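Asks: Make a model of this:
(3 chains)
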Amino acid sequence: MEKGKKLSLILFSGDYDKAMAALILANSARELGMTVNIFFAFWGLCLIRDPEKMSLEDKTAFETMFGIAAPNGPEDLPLSRMNMAGLGKAMLKKMMAEHDAPDLTAFLKGAQKKGVNFFICKLSLEIMGFKKEEMIQGSQVLTATEYLQDALDADIELFI
Amino acid sequence: MEKGKKLSLILFSGDYDKAMAALILANSARELGMTVNIFFAFWGLCLIRDPEKMSLEDKTAFETMFGIAAPNGPEDLPLSRMNMAGLGKAMLKKMMAEHDAPDLTAFLKGAQKKGVNFFICKLSLEIMGFKKEEMIQGSQVLTATEYLQDALDADIELFI
Amino acid sequence: MEKGKKLSLILFSGDYDKAMAALILANSARELGMTVNIFFAFWGLCLIRDPEKMSLEDKTAFETMFGIAAPNGPEDLPLSRMNMAGLGKAMLKKMMAEHDAPDLTAFLKGAQKKGVNFFICKLSLEIMGFKKEEMIQGSQVLTATEYLQDALDADIELFI
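Replies: You can find the predicted model right below:
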């Protein structure tokens, strides 16, 4: 057990497989009793969007377009490679199911249940025109400076 | 304040948004009083090319082609995703301007002014056929071994 | 010399240039006398596939297709950018040769000879349907939890 140890992840990517890697590391670290903080930045925000809470109000034209075009929630993320208009991802999901591996949505929910802490990059939220209410519940908004102060305490820091 | 602490970044990517993330982290760390070292490697060198100092002399045919084809300076970097032949990037830059966020060139200049230390990977420089004089001023050439010796002292090390 | 220090890398990417960066860091760290552990996950497994040991037996239909489609060994990895159906990579390899830089296969063999430790992510191996015997010799299978326990001891941890 590794109580008292901390894993700090920046999830910058909005790729299905990279998000999976981040959440597998996060969940495994929780099983070891580590504190786990994920700082969602840029495309990483797409993973924690809640498709049922998408809003088009109070957005500029570009923010509206971006909100529609950018991936919306875990199952909407493309593979980082071999995505092939979704065929590659469908294939990978079938291969995961063949080994009883949970899908990304399950990993995401599991992470929150297990006590992984979710933080949203304030600047990314603002620039992309998302409202905090469009994200899944349980996340806290944080600045880059606050991320750094927290990461200085961490034992492992990774940029994904 | 976090004087005496060090952030060490390898900027490997030549993507506009990843470079932005690196420089935002770097600038925020400087605001906390941290030492910040960025080691530009591979595509990261494209960020610190000075378009006004591009040289075609003393280069092999491939180095010349590469010098022309590879992104040349901050505003030439594509987005890591949704670039759409530059349309996606133009959209993101508009969205940044709507929130008074500086563009990548401004972040880059700001980083140097704030005292972020710039290092260029020696092997990348050689293989890509760039001359140090083609890069913006204020960078020091470093080997991978020297990067490691420096990163061993760092409190946060990230590969971007 | 940095005996007693440890570098821990997760190689998640299956890109030629990213794999090169990882192995250059690994080899340089070994020259400093550091312990170096590379944890190959997801696409990183493609780097350590042995093209002469590819197997199509005991695989599901998807695993077979994936085994054929996914890059098979170091020289099969594409560039992370400007790959241009292999032309970009051929150009980069020519530029590397012009500077007497070893190719990826040579870096890989050199890393093992120098005592870089190779670990394969158990979950990635299972999901992708690869058998350990299809990978190059000298790797040990590890879980994400075991990676974390090892990385907690490391002085530098990077996700590539």
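Asks: Could you check the pLDDT of A:Gly88?
Replies: Note on A:Gly88: pLDDT of 89.
Asks: ditto for the one 4 residues further on
Replies: What the model reports as pLDDT for A:Leu92 is 92.
Asks: go on, A:Met1?
Replies: Looking at A:Met1, its pLDDT stands at 86.
Asks: isn't it right up against A:Glu31?
Replies: No: counting by Cβ atoms under 8 Å, A:Met1 stays clear of A:Glu31, with 9.2 Å between them. C-betas here are computed from N, CA, C, even on glycine.
Asks: who has more neighbours, these two?
Replies: A:Glu31 (14 against 9; other Cβ atoms under 10 Å in any protein chain shown).
Asks: which phi and psi does the more buried one have?
Replies: phi -60, psi -30 (degrees, to the nearest 10).
Asks: Pretty sure A:Phe118 sits in a strand.
Replies: Yes: assignment of A:Phe118 by DSSP: H, G, I helix; E, B strand; the rest coil places it within a strand.
Asks: Tell me, how many residues neighbour the spatially closest residue to it that is not a sequence neighbour?
Replies: Spatial nearest neighbour of A:Phe118, excluding adjacent residues (Cβ to Cβ, 6 or more residues apart in numbering or on different chains): A:Ser139 at 4.1 Å. A:Ser139 has 18 neighbours, counted by other Cβ under 10 Å.
Asks: Next: A:Gly138.
Replies: Counted with other Cβ under 10 Å, A:Gly138 comes out at 11.
Asks: Against chain C, how distant is it?
Replies: 23 Å (Cβ to the nearest Cβ, to the nearest Å).
Asks: List phi and psi for that residue.
Replies: Here is the backbone geometry of A:Gly138 (degrees, to the nearest 10): phi 100, psi 10.
Asks: How about it: what's its closest non-neighbour residue?
Replies: When the adjacent residues along the chain are set aside, A:Gly138 lies closest to A:Gln112, with 5.5 Å between them (Cβ to Cβ, 6+ apart).
Asks: quick check, that neighbour in a helix?
Replies: Yes: counting by three-state DSSP, one finds A:Gln112 located in a helix.
Asks: does it really touch A:Phe118, like I thought?
Replies: Yes: between A:Gln112 and A:Phe118 a contact is recorded at 6.8 Å, counting by Cβ under 8 Å.
Asks: how about the helices in chain A?
Replies: According to DSSP state H, chain A carries its helices in the segments A:16-31, A:61-69, A:87-98, A:104-113, A:122-128, A:144-151.
Asks: Run through the residues that contact the residue nearest to A:Gly138.
Replies: A:Phe118, A:Ile136, A:Gly138 (Cβ atoms under 8 Å, 6 or more residues apart in numbering or on different chains).
Asks: any idea how far the residue minimising distance to the centre of chain A lies from chain C?
Replies: The centroid of chain A falls nearest to A:Leu47 when counting by Cα atoms, centre = their mean (4.3 Å). Using Cβ to the nearest Cβ, we find A:Leu47 at a distance of 16 Å from chain C.
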